[in-house]
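# Structure for the following, please:
(2 chains)
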Amino acid sequence: MAIRLHINKKDLAKQEESELHLMPCKIHGDQAANVSSYFKSSIRKIDEEHYDCSFRGYPLQGKKVIVPAGYKGIMFMENKKTDAENKNRNLYCTGTFSQFTYWNYDRIPSKNDSLVAALDWIDIAEALHSSET
Amino acid sequence: MDEKDENETEENNQGREEIPREETVNVIACKEDLNPFFEQSNHSINKVHFSEVPQICRDEPCQLGVDEAGRGPVLGPMVYGISYAPLSRKQLLVDLGCADSKSLTEKKRDEIFDDICKHKDSIGWAIEAISPNVIANSMYRRTKVSLNEVSMVSAIKLIQGAIEAGVNVAEIYVDTVGKPESYQARLKGVFPGVKIVVAKKADATYPIVSAASICAKVSRDHALRAWRFREGDSIGTEYGSGYPTDPVTKNWLSENVDAVFGFPQLVRFSWSTAEQILESKALAVEWEETEETEMPNEQTILKFFAKSPTKLPNVHTKKHPFFTERCLSNANIL
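Model (predicted):
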């Protein structure tokens, strides 16, 4: 089984970036959502990097996370997920991003959150794989 | 600190400042002023207004009444109100017709509210509209904050605000739906040296509480009507009284469900009426476990046996905590 990622040079060159929100809950659905009117309209800025919002009445606290230098965030979409296990799968690039808002449920985002901590790996991987000087 | 101007004390909410707006209503001289006041408001957060303190209320000892409006509805803010007047002017409140606000018609309440505003040389008042979003947020916190707690904090904040503004508060009368004893003890702790009476149906007994009740109720009615949906113009405004028992309200709730986000922020998401409708009409949402649900000391007999040596070659597949703590794993599958 192979997974093929389709990225156009055009997609990467596009200046326009997508706005992403990483939610602290699982929404059992896969569809377009009225993010601007129902979510973005009530985001409040607390300070330079912290935000407040609500989802379904739950209090959320958010922080902008910047994709590390040298990396680029890319979103993919699979048009039709194949059921057969040994079939090739195709994922298509739908946009790029260099930052996203990371939302926590009633907790200020911090270094202890697994997502923010996971980004440590990038520095460690760099150290591990760079040639000795 | 010294750069703060006076308007800011009115706009200060939960230690957080509102985004400054082009024009703000600073004086509410009649009930009509309540509409622009609430229309301008950022509906996600609470909104506070203090009337100007009459000079006589600084000079003479005053009685202060506290009451709320809109505790039960599933829609719109819950409004806390205070009113105060010099002890020497008790009769004025009776003359204005301040009585049990529930026994008054809406028209009569509106009239009395305007009369209270007109007597700004002897009666002062203040309200806090507690946003439905704040109510739901409080009740859905990791550590839940009850509506009673939200209420008490609001009441104390309003009284403190009046005292800080210079009101000579000698007596406080509070209407409560909960237990009067604990509420009274708490207020005594916060306001030592002030006579405090907390009673059920104080609204009907003390004219100063009726006046507070009228300020709260009239504000609540206007806040609900002046609600502007940030979620879009397509949302209908036929939402009725906001009470869960009102068929118009129920119908509006059922017809305004967004599959992902649920309801506009007019709705108190934490009300069971709202929860039930979302359960059947919106996408299911799973939140991370609030508390670790560990099995209580469950021992299995397998613990007493040594691991089979055949499994030893797999030992290296156990990931280092660095990776498990960060939820990192190899991307074999998507």
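# so how far is B:F263 from whatever residue of chain A ends up closest to chain B?
When you check chain A against chain B by CB to the nearest CB, the closest residue turns out to be A:G57, at 2.5 Å. Every residue, glycine included, has its C-beta placed from N, CA and C. Distance, A:G57 to B:F263, using CB to CB, to the nearest Å: 8 Å.
# what residues do the two have in common as contacts?
Common neighbours of A:G57 and B:F263, counting by CB atoms under 8 Å, 6 or more residues apart in numbering or on different chains, are B:269, B:274.
# Which secondary structure state is assigned to the residue in chain B positioned nearest to chain A?
At 2.5 Å from chain A, B:F269 is the closest residue in chain B, using CB to the nearest CB. For B:F269, the reduced secondary structure class is coil; criterion used: DSSP: H, G, I helix; E, B strand; the rest coil.
# Any idea how many residues pack against the residue nearest to it when sequence neighbours are not counted?
The spatially closest residue to B:F269, leaving aside those adjacent along the chain, is A:G57, at 2.5 Å (CB to CB, 6 or more residues apart in numbering or on different chains). Here the neighbour count serves as a burial measure; for A:G57 (other CB atoms under 10 Å in any protein chain shown) it reads 24.
# doesn't B:Y140 make contact with A:G57?
Yes. With contact taken as CB atoms under 8 Å, A:G57 and B:Y140 are classed as touching, separated by 5.4 Å.
# Overlap in contacts, these two.
B:269-270.
# quick one on the thing from earlier: measure the residue nearest to B:F269 to B:P132 for me?
Looking at A:G57 against B:P132, where the rule is CB to CB, the gap reads 8 Å.
# repeat for A:E126
With distances taken as CB to CB, A:E126 is found 48 Å from B:P132.
# got it, and A:K80?
Relative to B:P132, A:K80 is positioned 41 Å away (criterion: CB to CB).
# higher neighbour count, the two?
Looking at A:K80 and B:P132 with other CB under 10 Å, you find the greater number of neighbours at B:P132, namely 30 against 7.
# Go through chain A and flag its longest helix.
For chain A, the helix with the greatest residue count under DSSP state H is helix A:120-129.
# Below-threshold pLDDT in chain A: ranges please.
Along chain A, the model assigns pLDDT under 70 to residues A:1, A:81-86, A:133.
# Tell me the residues on it that lie near chain B, please.
Those residues of chain A that sit near chain B, judged by CB under 8 Å from any CB of the partner chain, are A:3, A:24-29, A:31, A:33-34, A:37-39, A:41-42, A:44-46, A:54-59, A:89, A:91, A:105-107, A:114-115, A:117-118, A:120-121.
# In strands only, show me those.
Cross-referencing those against strands under DSSP state E gives A:3, A:25-27, A:44-45, A:54-55, A:58-59, A:89, A:91, A:105.
# Write out the residues of the stretch 151-300 of chain B neighbouring chain A.
Close to chain A, as judged by CB under 8 Å from any CB, the stretch 151-300 of chain B has residues B:230-232, B:258-262, B:264-265, B:268-270, B:274, B:278, B:283-288.
# Who are the contact partners of B:E275?
Residues counted as contacts of B:E275 (CB under 8 Å, 6+ apart) are B:F269.
# So it: helix, strand or coil?
Reducing the assignment to helix, strand or coil with three-state DSSP, the entry for B:E275 is helix.
# And A:K80, by the same measure?
For A:K80, the assignment made with three-state DSSP gives coil.
# Distance of it relative to B:A85?
A:K80 sits 72 Å away from B:A85 when distances are taken as CB to CB.
# list residues touching both of A:G57 and B:P132?
The contact sets of A:G57 and B:P132 overlap at B:268-269 (CB under 8 Å, 6+ apart).
# Just give the number of residues close to A:G95.
One way to gauge burial is a neighbour count; for A:G95, by other CB under 10 Å, it gives 16.
# hang on, the earlier thing: can you turn the buried part of the ones in strands among the residues of chain A next to chain B into a ChimeraX selection?
Remark: buried members of these, expressed as a ChimeraX selection using 16 or more other CB atoms under 10 Å in any protein chain shown:
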select /A:27,44,54,55,58,59,91,105
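# Columns distance to B:L328 on top of the ones in strands among the residues of chain A next to chain B, output as TSV?
Putting these into TSV (distance: CB to CB, whole Å) gives the following:
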residue	distance to B:L328
A:I3	19
A:C25	21
A:K26	19
A:I27	23
A:R44	32
A:K45	31
A:S54	30
A:F55	26
A:Y58	27
A:P59	28
A:R89	22
A:L91	21
A:Y105	21
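# In the sheet, which residues pair with the residue nearest the centre of chain B? Tell me.
With distances taken as CA atoms, centre = their mean, the residue of chain B nearest its centroid is B:I130 (2.7 Å). Under DSSP bridges, the beta-bridge partners of B:I130 are B:M78.
# ok, it - contacts?
Contacts for B:I130 were tallied using CB under 8 Å, 6+ apart; they are B:46, B:77-80, B:150, B:154.
# and the residue of chain A closest to chain B, how far is that from B:E279?
Distance, A:G57 to B:E279, using CB to CB: 13 Å.
# what's the nearest residue to B:F50 if we skip its chain neighbours?
With CB to CB, 6+ apart, the residue lying closest to B:F50 is B:A126, at 4.3 Å.
# Can you verify the one you found is assigned to a strand?
Yes. When three-state DSSP is applied, B:A126 is found to be in a strand.
# backbone phi and psi for B:G65, please?
phi -110, psi 150 (degrees, to the nearest 10).
# what's the neighbour count on it?
Burial of B:G65, expressed as a neighbour count using other CB under 10 Å, amounts to 30.
# for A:D11, same thing?
Other residues near A:D11 come to 15 when the count uses other CB under 10 Å.
# Can you give me the distance of the residue lying closest to B:P180 once chain neighbours are set aside to B:Y183?
Distances taken as CB to CB, 6+ apart place B:V198 nearest to B:P180, at 4.2 Å, with adjacent residues excluded. Shown here: B:V198 relative to B:Y183, a distance of 5 Å by CB to CB.
# Return every residue with contacts to both of these two.
Common contact partners of B:V198 and B:Y183 (CB under 8 Å, 6+ apart): B:174, B:176.
# Among the two, which residue is more densely surrounded?
The neighbour count for B:V198 versus B:Y183, taken as other CB under 10 Å, is higher for B:V198 (23 against 20).
# so that one sits in a strand?
Yes. Remark: B:V198 belongs to a strand, assigned using three-state DSSP.
# give me the low-pLDDT residue ranges for chain B?
Counting by pLDDT under 70, chain B contains low-confidence residues at B:1-25, B:289-300, B:302, B:306-317, B:332-334.
# residue ranges for the helices of it, please.
Using DSSP H, the helices found in chain B span residues B:7-11, B:34-39, B:55-59, B:90-96, B:106-118, B:132-139, B:147-164, B:180-190, B:202-205, B:207-225, B:247-255, B:272-281, B:321-325.
# What are the buried residues along the longest one?
Neighbour-count burial for helix B:207-225, with 16+ other CB under 10 Å as criterion, is recorded at B:207-224.
# how close does the residue nearest to B:F50 sit to B:W252?
Using CB to CB, one gets 31 Å for the distance from B:A126 to B:W252.
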